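Colleague: pasting the sequence and the predicted model now:
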Amino acid sequence: MKKLFLLSIVLVSQAVAAQFQVWSNSFDTPADLQGWTTHDLNNNGNGWVQGQNIYFNGTALTYGTSGVLRYSVSLVPTGNAAGFGTENDWIISPQINLEGAAGTISLAAYIGRQRTTHLNFGRDLFIYVSTPQKPIPELADFQAMTVDAGGNDIPSPYRIIAGTSSNPFPSDLTQFKENLIDISAFAGKKIYIGMWSNRKPSGNNLQNINIDEMAIYASTFLGTKDVKKKENVTQITENPVKEFLQFKLNPAFRDNITQVTIYNGAGQKILSAPYSKSVYVAPLQAGIYIAEVSDGKTTERLKFIKK
C-alpha cells in the first residue's frame, strides 16, 4: 500500500479528478523495475536504482522508509560516488500502452528532495513513440532527443518538476510533492519514457531525486471496465462508511483467495488486502471511492462514500 501521506494530497488534483488509471509504478520493491533498462555510461557504478528514499536528517544522509526510484551522487551514510562529475546515466521504462486512452491524459509523479538545499529540481522526460518499423527503441534513440545536429541542447516539452513557487516542496524531507504533466499528445500510442541524469551546469537534470510513484490517468480509457452496469451480487452493508467497510460477499467468490482493492476518485489505488468482511478505512479522507472485489475469475466494483 502506498504511503498514507498521499491521502493528504489525493483525491489528487482537479486535473486528474474522475480519470481512469492507465498505468502506474509504485517502486516499492526491486520487482517494480522489471522491464526498465538502466545505463551507467560513465561506468562508475552509480545510477538509477529502486530502493529506500534518501534524505538528510539534520546530521547526515540516511535512508527513509519509502520505496522509490532514486538517483543520488551521494552514498549513504557518507561519501560521494566516484567520478560523479562525469555522470551520464539513463533509465528507460518498459512499454506503456496508451492505445485505449483518449481525451486528457496526465502523467503524475510524486517527487521528493534529499536535502533542504534542493529548492527545486525535476527531470526532463524523453518520450519515444513505438512504430511498426521500430517498436522498441535503443538508447541512441533517446540520446538523439537531447541534442540537435549541431550538438545544442534540445529542451524536452515534457518535464516533471517540484519545488517551484507554484508547487513548493513540503518542509519534511521524507514527504513528496505531486507534479502533473499533460501527455495527451500520445493518446492511442505505445510509448517509452526515458530519464537522464548528467552533470550539465543548468537545467533540471540534477542528480539527487526520489520519485515515490509515477502513474498515468486518462479521461477516457476504453480498456477500463465500467463500474458494473449489471447489478453486483456483493453488497456493502453500510454506506456511507465511517471506520469499517463491511461486505456481504457474492457466494460465487472463493473467499480464501479473494482480494479487496480500493481506488480513489482519480482511479489511484489506495490499498489492497486479502478479503475480510470488514476493511478498516478510517484513515481515508472523506470522498467517493471504488472497492474492487476479485478472486481472479470474478470481479465486482462497488462505489462507496467515506464520511
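Modeller: Thanks, I have it. Bear in mind that the values here come from a model prediction, so they are computed numbers and not experimental data. Numbering: from 1, shown residues only.
Colleague: contacts only, for the spatially most central residue of the chain.
Modeller: Geometric centre of the chain, nearest residue: Met214, 1.6 Å, by Cα atoms, centre = their mean. By Cβ atoms under 8 Å, 6 or more residues apart in numbering, the contact list for Met214 reads 24-25, 27, 69, 107-110. For the C-beta atoms, the positions are set from N, CA and C on the backbone; glycine is no exception.
Colleague: check which residues of the strand or helix carrying it are buried.
Modeller: Met214 is part of strand 209-221, with elements assigned from DSSP states H and E. Applying a neighbour-count criterion of 16 or more other Cβ atoms under 10 Å, one finds 209-219, 221 buried in strand 209-221.
Colleague: just stretch 104-118 next, same as before
Modeller: By neighbour count on 16+ other Cβ under 10 Å, the buried set for stretch 104-118 is 104-114, 118.
Colleague: same question, stretch 166-174
Modeller: So stretch 166-174, judged by 16+ other Cβ under 10 Å, has buried residues 169, 173.
Colleague: just the mean pLDDT for that stretch, thanks.
Modeller: Mean pLDDT, stretch 166-174: 93.
Colleague: distance between the ends of it?
Modeller: 20 Å (Cα to Cα, to the nearest Å).
Colleague: cool, and stretch 198-210?
Modeller: 16 Å.
Colleague: just the mean pLDDT for it, thanks.
Modeller: Mean per-residue pLDDT for stretch 198-210: 69.
Colleague: quick check, Ile92 in contact with Trp196.
Modeller: No. Look at Ile92 against Trp196 with Cβ atoms under 8 Å: they stay out of range, at 9.7 Å.
Colleague: what is in contact with these two at once?
Modeller: Phe142.
Colleague: the stretch 101-250 of the chain: helices as residue ranges?
Modeller: 139-143 (DSSP state H, counting those that start in this stretch).
Colleague: how about low-confidence regions in it?
Modeller: Counting by pLDDT under 70, the low-confidence segments of the stretch 101-250 of the chain come to 200-206, 221-232.
Colleague: try 50
Modeller: By pLDDT under 50, the weakly predicted segments of the stretch 101-250 of the chain are 204, 224-230.
Colleague: all strands of it, in order?
Modeller: All strands of the stretch 101-250 of the chain, identified by DSSP state E, counting those that start in this stretch, fall at 101-112, 121-124, 126-129, 159-162, 177-182, 190-198, 209-221, 235-236, 244-248.
Colleague: list the pairing partners of the shortest one within its sheet, with orientation.
Modeller: This points to strand 235-236. Strand 235-236 has the following strand partners under DSSP bridges: strand 244-248 (antiparallel).
Colleague: list the buried residues in the strand it pairs with.
Modeller: Judged by neighbour count using 16+ other Cβ under 10 Å, the buried positions of strand 244-248 are 245, 247.
Colleague: which SSE is immediately downstream of that strand?
Modeller: Later in the chain than strand 244-248, the nearest helix or strand by DSSP H and E is strand 259-263.
Colleague: adjacent strands (with direction) for that next one?
Modeller: Paired strands of strand 259-263, defined by DSSP bridges, are strand 269-274 (antiparallel), strand 287-294 (antiparallel).
Colleague: for those strands, give me CSV that also has mean pLDDT.
Modeller: Shown next, in CSV, are the strands paired with strand 259-263 (pLDDT from 0 to 100):
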stretch, mean pLDDT
strand 269-274, 83
strand 287-294, 83
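Colleague: re earlier: CSV please, covering the contacts of Met214 and showing distance to Leu41.
Modeller: Below are these laid out as CSV (distance: Cβ to Cβ, whole Å):
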residue, distance to Leu41
Ser24, 28
Asn25, 23
Phe27, 22
Leu69, 18
Leu107, 25
Ala108, 29
Ala109, 23
Tyr110, 27
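Colleague: between those residues, which is closest to Ser156?
Modeller: The closest of the contacts of Met214 to Ser156 turns out to be Leu107 (Cβ to Cβ; 12.6 Å).
Colleague: burial count for the closest residue to the closest one other than its chain neighbours?
Modeller: Once flanking residues are discounted, Leu107 sits nearest to Ile181: 4.5 Å by Cβ to Cβ, 6 or more residues apart in numbering. Ile181 has 19 neighbouring residues, counting by other Cβ atoms under 10 Å.
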